[in-house]
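# Provided below for reference: sequence and predicted model.
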Amino acid sequence: MGMENETRDFLVLIVNTISKVLLWMMINVFVGIYMGYGFFEGKPNWTNIVYYIFFAGSLLFLLKHLKKTWNL
């Protein structure tokens, strides 16, 4: 009694997608909140700008990668 290959592949694809999104979120929460680069102290610092550029660029890369992955 086993799982069909198509069903197993689909579930693995879902788990991989969730894992990648959670990893991306944990990295951005750590850098943005715990290291403090997501907050402005009066005016934006160069570290804030670099963080938000990294955030936007990595989000676009992640979405492009996930779209490519799901367009089997």
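Nice, thanks for sending it over. Fair warning: this is a prediction, and the values are worked out from it, not measured in the lab.
# Show me the contact partners of whichever strand or helix holds residue 69.
Using DSSP states H and E, the element containing residue 69 is helix 46-70. For helix 46-70, contacts defined as Cβ atoms under 8 Å, 6 or more residues apart in numbering pick out 13, 16-17, 20-21, 24, 27-28, 31-32, 37-40. C-beta here means a position set from N, CA and C on the backbone, and glycine is covered the same way.
# want to throw those residues into JSON lines with distance to residue 54?
Putting the contacts of helix 46-70 into JSON lines (distance: Cβ to Cβ, whole Å) gives the following:
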{"residue": "13", "distance to residue 54": "27"}
{"residue": "16", "distance to residue 54": "23"}
{"residue": "17", "distance to residue 54": "21"}
{"residue": "20", "distance to residue 54": "17"}
{"residue": "21", "distance to residue 54": "17"}
{"residue": "24", "distance to residue 54": "11"}
{"residue": "27", "distance to residue 54": "9"}
{"residue": "28", "distance to residue 54": "8"}
{"residue": "31", "distance to residue 54": "8"}
{"residue": "32", "distance to residue 54": "10"}
{"residue": "37", "distance to residue 54": "9"}
{"residue": "38", "distance to residue 54": "11"}
{"residue": "39", "distance to residue 54": "15"}
{"residue": "40", "distance to residue 54": "16"}
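# Please tell me which one of those residues counts the most neighbours.
residue 37 (20 neighbours; other Cβ atoms under 10 Å).
# so what's that one up against?
Here residue 37 is in contact with 31, 47, 48, 50, 51 (criterion: Cβ under 8 Å, 6+ apart).
# and the two most separated of these?
Maximum pairwise distance in those, criterion Cβ to Cβ, is 11.1 Å, between 31 and 48.
# What is the one helix or strand residue 15 maps to packed up against?
Assigned by DSSP H and E, residue 15 belongs to helix 5-29. Identification of packing neighbours for helix 5-29 by 3 or more Cβ pairs under 8 Å, 6 or more residues apart in numbering; DSSP states H and E yields helix 46-70.
# buried residues in the helix it packs on?
48, 51, 55, 62 (16 or more other Cβ atoms under 10 Å).
# With distance to residue 71 and pLDDT added, can I get the residues you listed in TSV?
TSV is the format used below for those (distance: Cβ to Cβ, whole Å; pLDDT from 0 to 100):
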residue	distance to residue 71	pLDDT
48	35	95
51	30	96
55	25	97
62	15	98
